[in-house]
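Peer 1: Got a predicted structure plus its sequence, pasted below:
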Amino acid sequence: VFTLWLYYFLYKTWSGKAIRAVSMNRDAAELMGINTTMTLALAFGIGVALAMTAGALTATIFPFTLLSGGGYELKSFVICVLGGLGSPLGALVGGLILGLIENLVTLKIPTSYVPFLEFAILVFILIVKPTGLLARR
């Protein structure tokens, strides 16, 4: 739900288009009359709010320890590369594909091999299509 909201926000609203413009070329966005300082603050605030929401939802399922997020770094990086960096819709599709692959593969191999599988998918995607599946460039 949050990914769809973020996609709608970034591509259909003026503020989202301003965030995308500032991320592409800050000087050109300033010349077009966009307040880049406020736009960067808005982007930071949205990122913090989404991270807070993800942490709150994760905390309801898993207990919090010092090493709680240890397994999520590789998984999130693989999802971003698989879907295409800079594409919210690509992140959604990449997450669905990785989740489907992980769940289907664990029917045949032990779950302790899943991190190896994630890394193998990362290397494969970087070799075959380095821009990701839904990248625009």
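Peer 2: Sure thing, it's come through.
Peer 1: When you work out contacts or count neighbours from here on, use the C-alpha atoms and nothing else.
Peer 2: Will do.
Peer 1: From V22, how far off is the residue sitting furthest away from the middle of the chain?
Peer 2: In the chain, counting by CA atoms, centre = their mean, L31 sits farthest out from the average C-alpha position, at 29.5 Å. Taking CA to CA, to the nearest Å as the measure, L31 and V22 are separated by 11 Å.
Peer 1: now I61
Peer 2: As defined by CA to CA, I61 lies at a distance of 36 Å from V22.
Peer 1: now swap in G55 and tell me
Peer 2: 27 Å.
Peer 1: what about the helices in this protein?
Peer 2: Listed in chain order, the helices of the chain (DSSP state H) span 2-12, 14-24, 26-31, 36-59, 72-83, 88-105, 114-128.
Peer 1: mind putting the ones you listed in TSV, mean pLDDT and distance to T65 included?
Peer 2: As requested, those are arranged in TSV below (pLDDT from 0 to 100; distance: least, CA to CA, whole Å):
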stretch	mean pLDDT	distance to T65
helix 2-12	87	26
helix 14-24	93	35
helix 26-31	93	39
helix 36-59	92	10
helix 72-83	86	14
helix 88-105	88	24
helix 114-128	88	20
